[in-house]
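**Q** sequence plus the predicted model coming up.
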Amino acid sequence: MMLKDPSKKYRPFRGVSLPDRTWPDKVLTKAPVFVSSDLRDGNQALLEPMDGERKMRMFKMLVGIGLKEIEVAYPSASQTDFDFVRSLIEGGHIPADVTIACLAPARHELIERTVDSLGGTKRAIIHLYNASSPPFLDIVYGMKEEQVIDMACEAVKFCKASTARYPQTEWVLQYSLETFSGSDMDFAKRLCDAVVETWGGTPENKVILNLPATIEMASPNVYADQIEWIGRNLAKRDSVIISLHPHNDRGCAVAAAELGLLAGAERVEGCLFGNGERTGNVDLITVAMNMYTAGISPGLDFSDMNEVARTAEYCTQMPINPRHPYVGDFVFTAFSGTHQDAIKKGLAKQDGELWNVPYLPFDPTDIGRTYDSVIRVNSQSGKGGVAFILEANYGIVMPRRMQIEFSRIVQEWTDGHGGEATGETLWNLFQQTYLTPHPTIAYQSYRVFDQDDAQGVRLNVVVDGAERQLSGVGNGPIDAAVAAFGLPLRVQSFEEHAMGKGADAKAVAYVEVMLNGLEGSFYGVGIHANILTASILAVFSGLNHAIASADDAKRRYLLDMFGKASGQAV
């Protein structure tokens, strides 16, 4: 919609006057403290919040990446969140060098419940907040500035008294000025100073002052000015850690974080893939990888980016855009012929330590990606055409990453045979690749049984010509089948749908697996009238696909391991 006079509706936000700003001349030389809020801000952003199992899987991944501060919950707002915090502490899941944080509004009963959720852990960040911008003071609180300062200080005093009930825990105060970027800076400074003084912040016991762009309302340079101004004017700057929490309403959260660091901040809160409330928040992966490609170690391990992406998709039940920086399935794929030619020539001449390849700002292998999708010669329309024909003619709706995998197989066929690959040719290739029974580990039958609160499965298989019976237990039949194999096999994703309509329609299942010691992931497919049978067939297909890619020594080793933990020879 065009507005005749936009100034009547939306007045530009000017921020703070800082004509002697210094941040434009600064250069980043080290990484900040990265803080994940995936389990709080990210969880609040989901249509269906994570359950305990997904939260635990996400937490363990965040620890594995190397994050040392993780905001794990909003325990005063949810029994699930409260119970999750207690399970982390009582189950011994928090490494000694990791600090967990929990958010609490500045209200006594909510602070007390949050403190109780954290009590007993080695070190905890109690994260208090209240809004500080004029619309919130006027509309939401109905308070004057001094009343808000009094409210904040009273909450901090109560928090300090409440945390004293757990002396075995080292307590750190984090205070957030919600809507900081829309606040009057003089008021924001007085509020921060009062909170730091009330808590008793010192250079040895610093208060974390979190200064969010809760609503991104100006360009990133305005936010940087605000961060530099308040850093200059705080009464006890040496007793404070300045933290950033930019949101992405204008699409500039990453830039705001980077400029805010130049302006003197030492800490950045955000989510993997920017999955925060509303339009999202700062994407920690993008900020960290931007530093990495500039020669600054981010202190985080993204060497297996595919695993990070698949875990995040599973836990959040949200897909990652295929063009997402560094992570998307297509970010290292050039569909233009001239791009492909330049990349292939660059890779051919890449023989030194200094990365120098056209169109690729850094080496995909650094994050566990391969060159396969980069150097393949099929076009986007070719891949899309393969997927369209299989769906239109045979009811096969391949997952996106499987389309990429299968398009390489089609390309190899067309390179060797020439001419056009007909629909029948594509279907035959698909059957040969995914559906033809494999002689290495052949499925015969299965039986499902219940065991306590879990499910088990007994499998009859043929391994290199020898019949065997295996059994496994898991949280479902697929998990139980994987357990029966006794191999370091992981199911990364699973999809299923009906082939056609009506009672006689068959089910098709797709499974993506990874096998420790083998590079990349592998797809398997199963088709059967029974969806459970189709799922188990898909797992066998994926396993054989993976083993077929191994060299002779690894293949022999895997076959020797197969089923030993659970199976008995018939």
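**A** On my side now, so go ahead.
**Q** any idea how far residue 56 is from residue 483?
**A** Computed as Cβ to Cβ, to the nearest Å, the residue 56 to residue 483 distance reads 18 Å. For every residue, glycine as well, the C-beta is placed using N, CA and C.
**Q** and if you look at residue 137?
**A** Noted for residue 137: a distance of 57 Å to residue 483, by Cβ to Cβ.
**Q** cool, residue 502 as well?
**A** 35 Å.
**Q** out of those two, which sits in the more crowded spot?
**A** residue 483 (21 against 6; other Cβ atoms under 10 Å).
**Q** which helix or strand contains that one?
**A** According to DSSP states H and E, residue 483 maps onto helix 477-485.
**Q** restrict the helix or strand following that helix to CA atoms and write it as CSV.
**A** Downstream of helix 477-485, the next assigned helix or strand under DSSP H and E is strand 489-499. The C-alpha coordinates for strand 489-499 follow below in CSV (Å, rounded to 0.1, in the frame of the first residue of the first chain):
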residue,chain,number,x,y,z
LEU,A,489,23.6,-45.3,12.7
ARG,A,490,21.5,-42.1,13.2
VAL,A,491,18.2,-41.3,11.6
GLN,A,492,18.4,-37.6,10.6
SER,A,493,15.0,-37.1,9.1
PHE,A,494,11.9,-39.1,8.2
GLU,A,495,9.0,-38.4,5.9
GLU,A,496,6.1,-40.5,4.6
HIS,A,497,3.0,-40.0,2.4
ALA,A,498,0.4,-42.0,0.5
MET,A,499,1.0,-42.9,-3.1
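**Q** by contact count, what packs against strand 489-499?
**A** helix 305-316, helix 477-485, strand 506-515, helix 531-548 (3 or more Cβ pairs under 8 Å, 6 or more residues apart in numbering; DSSP states H and E).
**Q** ok, it: who's next to it in the sheet?
**A** Looking at strand 489-499 with DSSP bridges, its partner strands are strand 506-515 (antiparallel).
**Q** low-confidence regions, the stretch 451-570 of the chain specifically.
**A** Applying pLDDT under 70 to the stretch 451-570 of the chain flags residues 565-570.
**Q** and the helix or strand hosting residue 102, what does it pack onto?
**A** In this assignment (DSSP H and E), residue 102 forms part of strand 99-105. If contacts are counted by 3+ Cβ pairs under 8 Å, 6+ apart, strand 99-105 sits against strand 69-73, helix 79-90, helix 108-118, strand 123-131.
**Q** in it, what counts as buried?
**A** Neighbour-count burial for strand 99-105, counted by 16 or more other Cβ atoms under 10 Å, picks out 99, 100, 101, 102, 103, 104, 105.
**Q** do the same with stretch 488-497
**A** Quick answer for stretch 488-497 (16+ other Cβ under 10 Å): 489, 491, 492, 493, 494.
**Q** same thing with stretch 448-456?
**A** Buried, per 16+ other Cβ under 10 Å, within stretch 448-456: 455, 456.
**Q** what residues does that stretch touch?
**A** By Cβ atoms under 8 Å, 6 or more residues apart in numbering, the list of residues contacting stretch 448-456 from outside reads 457, 458, 471, 472, 473, 474, 475, 476, 477, 479, 480, 532.
**Q** measure residue 15 to residue 181 for me?
**A** Distance from residue 15 to residue 181, by Cβ to Cβ: 8 Å.
**Q** those two: which is more packed in?
**A** The residue with more neighbours, out of residue 15 and residue 181, is residue 181; 27 against 19, by other Cβ under 10 Å.
**Q** what are the phi and psi values at that one?
**A** Per-residue torsions, residue 181: phi -70, psi -20 (degrees, to the nearest 10).
**Q** residue contacts, it?
**A** Counted by Cβ under 8 Å, 6+ apart, residue 181 has contacts 15, 211, 212, 213, 214, 215, 216, 217, 218, 222, 223, 226.
**Q** let me know the pLDDT of the spatially closest residue to the second one that is not a sequence neighbour.
**A** Translated: residue 211. Spatial nearest neighbour of residue 211, chain neighbours left out: residue 180 (4.4 Å); criterion: Cβ to Cβ, 6 or more residues apart in numbering. At residue 180, the predicted lDDT confidence score is 96.
**Q** repeat that for residue 415.
**A** Residue 415 is given a pLDDT of 77.
**Q** separation between it and residue 409?
**A** Counting by Cβ to Cβ, the gap from residue 415 to residue 409 is 11 Å.
**Q** these two: which is more packed in?
**A** Taking other Cβ under 10 Å, residue 415 and residue 409 do not tie; residue 409 has more neighbours (16 against 10).
**Q** that older thread, can I get the buried residues of strand 99-105 in TSV with pLDDT and distance to residue 207?
**A** Converted to TSV, these look like this (pLDDT from 0 to 100; distance: Cβ to Cβ, whole Å):
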residue	pLDDT	distance to residue 207
99	98	15
100	98	18
101	98	13
102	98	16
103	96	16
104	96	15
105	93	18
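**Q** closest one of those residues to residue 247?
**A** Checking the buried residues of strand 99-105 against residue 247 by Cβ to Cβ gives residue 103 as the nearest, at 15.1 Å.
**Q** partner residues bridging that closest one?
**A** residue 127.
**Q** thought it was touching residue 111?
**A** No - if you go by Cβ atoms under 8 Å, residue 103 and residue 111 don't touch, sitting 10.6 Å apart.
**Q** residue 33 reaches residue 265, doesn't it?
**A** No - applying Cβ under 8 Å as the test, residue 33 and residue 265 come out as separate, 9.8 Å apart.
**Q** show residues contacting the helix or strand hosting residue 160.
**A** Assigned by DSSP H and E, residue 160 belongs to helix 145-163. Under the criterion Cβ under 8 Å, 6+ apart, residues 104, 106-108, 111-112, 115, 126, 128, 130, 132, 137, 141, 143, 169, 171, 173, 175, 184, 187, 190-191, 194-195, 198-200 lie in contact with helix 145-163.
**Q** quick one on the thing from earlier: just send the buried residues of stretch 488-497 back as a markdown table, with distance to residue 83 too.
**A** A markdown table is the format used below for these (distance: Cβ to Cβ, whole Å):
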| residue | distance to residue 83 |
| --- | --- |
| 489 | 31 |
| 491 | 27 |
| 492 | 28 |
| 493 | 28 |
| 494 | 27 |
